[in-house]
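Novice: what's the 3D shape of this:
(4 chains)
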Protein chains: 2
Amino acid sequence: MAEGTEDAARPDRRPRHASILDVAALAGVSPSTVSRSLRGHETVAAATRRRVAEAARELAYTVSPHASGLASGRTLSVGVVVPFVTRWFYANAVAGAHDALREAGFDVLLYHLGDAAARDRFFDRMPLARRVDAVLTLSLPLTDEHTLALRALDMPLVTLGARLDGVSSVRVDDVAAARNAVRHLLHQGHRDIVMITTRQDDEGFGFVAGPDRVQGYRQALAAAGLDARGDVVEAGTYGIEGGAEAMARIMERPRLPTAVLAEYDEVAIGAVRTLRRSSVPVPGRISVVGIDDHEMASVLDLTTVAQPVREQGAIAARLLLDQLDGGAAGPVDVVVPTRLVVRSSTGPPQGA
Amino acid sequence: MAEGTEDAARPDRRPRHASILDVAALAGVSPSTVSRSLRGHETVAAATRRRVAEAARELAYTVSPHASGLASGRTLSVGVVVPFVTRWFYANAVAGAHDALREAGFDVLLYHLGDAAARDRFFDRMPLARRVDAVLTLSLPLTDEHTLALRALDMPLVTLGARLDGVSSVRVDDVAAARNAVRHLLHQGHRDIVMITTRQDDEGFGFVAGPDRVQGYRQALAAAGLDARGDVVEAGTYGIEGGAEAMARIMERPRLPTAVLAEYDEVAIGAVRTLRRSSVPVPGRISVVGIDDHEMASVLDLTTVAQPVREQGAIAARLLLDQLDGGAAGPVDVVVPTRLVVRSSTGPPQGA
DNA sequence: CTGAAAGCGCTAACAA
DNA sequence: TTGTTAGCGCTTTCAG
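Specialist: A predicted model of the protein is given here:
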């Protein structure tokens, strides 16, 4: 078989990418030198490096991640595992992490665990095994089994918006966030404050910060000398619809509370929708406060406790990269600050 | 060197994954049989298949995607390229595509091209080259250069929300969508209808459906015997803030229009925010209609033209998978239906 | 500073 | 139906 066989002779094959051998040949060096040179490795003579770079450009050479990964054991990609990409919080966290990771030269494999089927498939096949160098999980409520599977991967792991023993994490202080929201209401004179939480789904797969926020709510009540049990209404579903439905139930009561704390902004938004449709003035009759500072909070003039989501994604990525660099003395727990944003969905209670 | 060297003897190595050889040994067959068997390939004796499966389970074996990819030339992953994951439309489209792709056994590599730096890096390094088997681009306004780079990949390609010569696509009829929105306003008696569009960013990287929607707006006007140029206001930025800002400019006019068509719901939402803050009644004084049926549209009671986003993502994934299966006679252009959703942000003009 | 050689862990003809 | 034999395209000791 003649070496000179032209492309025309193998019409069915994908047009072959230039390989490291082609670059080596063109640059007049060995493949190993090309490899080293292209990765800025070791000491490669400047002149050589230049020749290699030029040859690579000329041939539009890109390394094969598979070949490289197989040979080196590094994949240059990280897995980002998220329960719902479509929700504001997650989408922003993913964006923040993605940008930081790509900038560092890593690819991002997205694993969206929106439904039970996807979840099961994920945790029992563990598709991450040799596919990524590190894993970032976003606010995933993990069972012991899940946790085990993740640890078994034995690779750098960071959680965002949740804590896991011995694992680095980035989050806000959810207890404090809720406490501050309630304190704001208390300062305005509210004494009858209901909290709306959302239910985790059948597999216990809900928003992981809920319990902490409930705790913060209760702490604030207790500190004000009120009944520390509070008045927690659990919505039957999550998000806007959950908030709307829970608020509807609250409105069936003979006596309305003067204020409502929602577990997160989407819930608050749903609650506001219900109130509006029933022509209950906000904050005239009922004040509503959320947590997150969702992009729609400003549109609805919702008072909320803001947390920097995209930044948390970026920080999480950074932690991951640090671990990959071999740094990292031990797991760290980065707690980023939140801040009360007062808008016009809260005000003094009627008659105050 | 003894073959029996125990793990303890290489304490620094990552705990080695079982390899196909281990499985083969345990099952008492050759590696190729394991390979075939595990992929449900060809005719492998049922008994053998069972033994292999058991051995694999016992050793918690997972194929190395890199090794497999290198050997077979298939990566079992697809690249999803999106301008902004954080926006409702894209997040939902990504979710839809992701779920369908994962279900088919493909991994999803996310490329978020949010800023110019990410964009440039992407198009000139083309990180997709040997990394994925197919590419899905979401509403990406592509320059000729971009298009060329994408085509040079020479792999299955599908676009969502945009068309590209010779490439399969999934989208709505944006011209018709806008036309219907305007028709609704015309039916209500409006004659003075402004359209707000958003600007593409400096690199021309904006929402790609804009021009079609403007065209639909103009067609509807023309059909009603009105000035077909219409009255188009271009916002200085995109999304909610763009809509808010454009609406503010419109309000400086001596005479307000009676209705506004926003290029998409987020723009409409921004416009509504401005109107509310200025206490201009909607729809009493000005009607507002959007396009998309963003999840917040119901909260704000926004009349809009709904499009099924998640479904489009799923359809796009399906097209990609079909192409990978070698099917696909030629490029197809799937146009999914839209539907006017009348809520209370539109109504007859004052005095009508 | 550079090259030669030996894999990384699979898959895919080709035999048997 | 299964096994044997070559690679896939890199990286990485180890020599030089």
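Novice: Report the contact partners of residue A:176.
Specialist: A:216, A:338 (C-beta atoms under 8 Å, 6 or more residues apart in numbering or on different chains). In short, each C-beta sits where N, CA and C put it, glycine included.
Novice: With the one 4 residues further on instead?
Specialist: Under the criterion of C-beta under 8 Å, 6+ apart, the contact list for residue A:180 reads A:216, A:220, A:305, A:338, A:340.
Novice: for residue A:305, same thing?
Specialist: Contacts of residue A:305 by C-beta under 8 Å, 6+ apart are A:177-178, A:180-181, A:289-293, A:338-341.
Novice: rewinding a little: so which of the contacts of residue A:180 are in strands?
Specialist: If you go by DSSP state E, those have A:305, A:340 in strands.
Novice: Neighbour-wise, give me the winner out of the contacts of residue A:180.
Specialist: residue A:305 (28 neighbours; other C-beta atoms under 10 Å in any protein chain shown).
Novice: Residue A:212 contacts residue A:171, doesn't it?
Specialist: No: look at residue A:212 against residue A:171 with C-beta atoms under 8 Å: they stay out of range, at 9.3 Å.
Novice: ok, these two, which is more surrounded?
Specialist: A side-by-side neighbour count of residue A:212 and residue A:171, using other C-beta under 10 Å, places residue A:171 first with 22 against 19.
Novice: in the host helix or strand of the more buried one, what's buried?
Specialist: Counting by DSSP states H and E, the element that carries residue A:171 is strand A:168-172. Buried residues in strand A:168-172, counted by 16 or more other C-beta atoms under 10 Å in any protein chain shown: A:168-172.
Novice: which one of those residues is nearest DNA strand D?
Specialist: Within the buried residues of strand A:168-172, the smallest distance to DNA strand D is 24.9 Å, found for residue A:168 (C-beta to the nearest atom of the strand).
Novice: Which residue ranges make up the domains of chain A?
Specialist: A:3-63, A:75-172+A:309-335, A:174-307 (automatic domain parsing).
Novice: Tell me which residue of the stretch 51-200 of chain A lies closest to DNA strand C.
Specialist: For the stretch 51-200 of chain A, C-beta to the nearest atom of the strand, closest residue to DNA strand C: residue A:71, 3.5 Å.
Novice: how many neighbours does that residue have?
Specialist: Neighbours around residue A:71, by other C-beta under 10 Å: 12.
Novice: Check residue A:256 too.
Specialist: Residue A:256: 17 neighbours (other C-beta under 10 Å).
Novice: Run the chain-centre distance for stretch A:81-100.
Specialist: 4 Å (C-alpha atoms, centre = their mean, to the nearest Å).
Novice: just stretch A:43-52 next, same as before
Specialist: The answer for stretch A:43-52 is 41 Å, by C-alpha atoms, centre = their mean.
Novice: ChimeraX command for the buried members of the contacts of residue A:305?
Specialist: Remark: buried members of these, expressed as a ChimeraX selection using 16+ other C-beta under 10 Å:
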select /A:177,178,180,181,289,290,291,292,293,338,340,341
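Novice: which of the contacts of residue A:305 lies closest to residue B:91?
Specialist: residue A:292 (15.7 Å; C-beta to C-beta).
Novice: Now do the phi/psi pair for the closest residue to residue A:276 other than its chain neighbours.
Specialist: Leaving out its chain neighbours, the residue that sits closest to residue A:276 by C-beta to C-beta, 6 or more residues apart in numbering or on different chains is residue A:282, at 7.3 Å. In terms of degrees, to the nearest 10, the main-chain angles of residue A:282 are phi -120, psi 120.
Novice: Residue A:282: how many residues sit nearby?
Specialist: 20.
Novice: the bottom helix or strand of chain A by mean pLDDT?
Specialist: helix A:116-125 (a mean of 82; mean pLDDT, DSSP states H and E).
Novice: Listing partners with orientation, what would you give for the helix or strand that it is followed by?
Specialist: For helix A:116-125, the succeeding helix or strand toward the C-terminus, using DSSP H and E, is strand A:134-138. With DSSP bridges as the test, strand A:134-138 is paired with strand A:77-82 (parallel), strand A:157-160 (parallel).
Novice: Would you reformat those as a markdown table and include mean pLDDT and mean neighbour count?
Specialist: Putting the strands paired with strand A:134-138 into a markdown table (pLDDT from 0 to 100; neighbours: other C-beta atoms under 10 Å in any protein chain shown) gives the following:
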| stretch | mean pLDDT | mean neighbour count |
| --- | --- | --- |
| strand A:77-82 | 96 | 25 |
| strand A:157-160 | 95 | 26 |
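Novice: could I get the helix or strand that contains residue A:212 in CSV with only the CA atoms?
Specialist: Using DSSP H and E, residue A:212 maps to helix A:210-223. The C-alpha coordinates for helix A:210-223 follow below in CSV (Å, rounded to 0.1, in the frame of the first residue of the first chain):
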residue,chain,number,x,y,z
GLY,A,210,-34.7,24.5,53.7
PRO,A,211,-34.1,23.1,57.2
ASP,A,212,-31.4,25.6,58.0
ARG,A,213,-33.7,28.4,56.9
VAL,A,214,-36.4,27.1,59.1
GLN,A,215,-34.0,27.0,62.0
GLY,A,216,-33.0,30.7,61.4
TYR,A,217,-36.6,31.6,61.3
ARG,A,218,-37.2,29.9,64.7
GLN,A,219,-34.1,31.4,66.2
ALA,A,220,-35.2,34.9,65.3
LEU,A,221,-38.6,34.3,66.8
ALA,A,222,-37.1,32.9,69.9
ALA,A,223,-34.7,35.8,70.3
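Novice: what is the mean pLDDT for the helix or strand just after that helix?
Specialist: Downstream of helix A:210-223, the next assigned helix or strand under DSSP H and E is strand A:232-235. The pLDDT scores in strand A:232-235 average 94.
Novice: Now do strand A:232-235: which elements does it pack against?
Specialist: strand A:193-198, helix A:239-250 (3 or more C-beta pairs under 8 Å, 6 or more residues apart in numbering or on different chains; DSSP states H and E).
Novice: Looking at the domains of chain A, which is nearest to residue B:17?
Specialist: Nearest of those (C-beta to C-beta): domain A:75-172+A:309-335, 6.2 Å.
Novice: anything in the closest one near DNA strand D?
Specialist: No: using C-beta under 7 Å from any atom of the strand, domain A:75-172+A:309-335 never reaches DNA strand D; the gap is at least 9.3 Å.
Novice: That domain: how far from the chain's middle?
Specialist: Relative to where its chain is centred, domain A:75-172+A:309-335 has its mean C-alpha point 8 Å off (C-alpha atoms, centre = their mean).
Novice: For it, measure first residue to last.
Specialist: 30 Å (C-alpha to C-alpha, to the nearest Å).
Novice: With stretch A:134-148 instead?
Specialist: Start-to-end, stretch A:134-148 (C-alpha to C-alpha) is 15 Å.
Novice: Same question for stretch A:252-268.
Specialist: Note: stretch A:252-268 ends 18 Å apart using C-alpha to C-alpha.
Novice: Identify each buried residue in it, please.
Specialist: A:256-268.
Novice: my guess is residue A:99 contacts residue B:118, does it?
Specialist: Yes: if you go by C-beta under 8 Å, residue A:99 and residue B:118 touch, sitting 6.6 Å apart.
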